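[1] quick one: sequence plus predicted model below, questions after.
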Amino acid sequence: MLRGVILVFARAPEAGKAKTRLIPRLGPVGAAHLHAKLVHLTLGRVAASHHAHAQLWCSPGRNQPFFSECGATYGVSLHDQSGFDLGQRMSNAFDQVLGDYEWALIIGTDCPDLSSEDLERAGQDLNGGADVVLGPAADGGYYLIGLRKPEPKLFQNIPWGGSEVLSRTYTRLEELGLNSAELGERYDLDRPEDLARFPHLLT
């Protein structure tokens, strides 16, 4: 039995609702198209990481045709995200899967820099005894979080989307007495100025 599971959190690529911060540069359709490309890129990297099961956690829900296509293409099961903010959605997902697996990773689809080696390293850290593994993003957030047991307090009262997510999370880890491992820093693609770093994704 595989010990771990990778949960890919993704939003449906609806024009006007996906990658909204890129709409001024790409337009609503262009931003949604780029978002779909990032989802496929992420799922391809996860598929290349053979040491864990994979699941696609969908917003606003798994009944979108795009998610059905992804499930068929990459062999991932589809699940609905639930919760009023990102923290609660992640906490709820960890609660649901950590009864069946020894550890779980949650990743988004905003990090073209993420590699299958990053995922394997995160799994090794959790297998090696880390309570938590974090992948820091250059914008002050994180592109990956892994846990061995549910830790709901890690996700409460964090200013999601801001530059203090990672530092607040480390403060919370200290308060909870949890030991953590850290992956290398990676760049997210969220804002117009980030596009210059990933020109190959715009073709």
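    All right, it came through fine.
[2] CA only for contacts and neighbour counts going forward, please
    Fine.
[3] ok, residue 174 - how many residues close by?
    When neighbours are counted by other C-alpha atoms under 10 Å, residue 174 registers 12.
[4] what about it, distance to residue 37?
    Residue 174 sits 37 Å away from residue 37, going by C-alpha to C-alpha, to the nearest Å.
[5] ditto for residue 57
    17 Å.
[6] if you count what's nearby, which of these two comes out ahead?
    Each of residue 57 and residue 37 has its neighbours counted (other C-alpha under 10 Å); residue 57 has more, 26 against 16.
[7] which other residues reach the top helix by length along the chain?
    Longest helix in the chain, counting residues (DSSP state H): helix 23-47. Identification of contacts with helix 23-47 by C-alpha atoms under 8 Å, 6 or more residues apart in numbering yields 6, 8, 10, 12-20, 22, 54, 70, 74, 109-112, 114-116, 119, 192, 201-202.
[8] just the buried ones from those, in PyMOL syntax?
    In PyMOL, a selection of the buried entries from the contacts of helix 23-47 looks like this (16 or more other C-alpha atoms under 10 Å):
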select buried, resi 6+8+10+12+13+14+15+18+19+20+22+54+70+74+109+110+111+112+114+115+116+119
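[9] thought residue 95 was touching residue 82, still the case?
    No - look at residue 82 against residue 95 with C-alpha atoms under 8 Å: they stay out of range, at 11.5 Å.
[10] so which of those two has more stuff around it?
    The neighbour comparison of residue 82 against residue 95 (other C-alpha under 10 Å) goes to residue 82, with 18 against 15.
[11] now the more buried one, nearest residue through space, not along the chain?
    residue 89 (5.2 Å; C-alpha to C-alpha, 6 or more residues apart in numbering).
[12] please apply the same query to residue 160.
    residue 86 is the one closest to residue 160 (C-alpha to C-alpha, 6+ apart), at 7.0 Å.
[13] likewise for residue 183?
    Setting aside the residues directly before and after it, residue 183 is nearest to residue 135 in space (C-alpha to C-alpha, 6+ apart), at 4.8 Å.
[14] in the sheet, who's paired with that neighbour?
    Beta bridges link residue 135 to residue 144, judged by DSSP bridges.
[15] check contacts around it.
    Contacts of residue 135 by C-alpha under 8 Å, 6+ apart are 142, 143, 144, 145, 182, 183, 184, 185, 186.
[16] quick one: the fourth one and residue 107 touch, right?
    Going back to what we said before, that points to residue 145. Yes - at 6.8 Å, residue 145 counts as touching residue 107 under the criterion of C-alpha under 8 Å.
[17] look at these two and report which has more neighbours.
    More neighbours surround residue 107 than the other of residue 145 and residue 107, with 22 against 19 (other C-alpha under 10 Å).
[18] before we move on, back to that, element containing the residue nearest to residue 82?
    According to DSSP states H and E, residue 89 maps onto helix 86-97.
[19] which is the next helix or strand following that helix?
    Downstream of helix 86-97 (by DSSP H and E), the next one is strand 103-107.
[20] next, the angle from the next helix or strand after that next one to strand 103-107.
    Going down the chain from strand 103-107, the next helix or strand is helix 116-127, by DSSP H and E. Interaxial angle of helix 116-127 relative to strand 103-107 (axes from the mean of the first three to the mean of the last three C-alpha atoms, to 10 degrees): 140 degrees.
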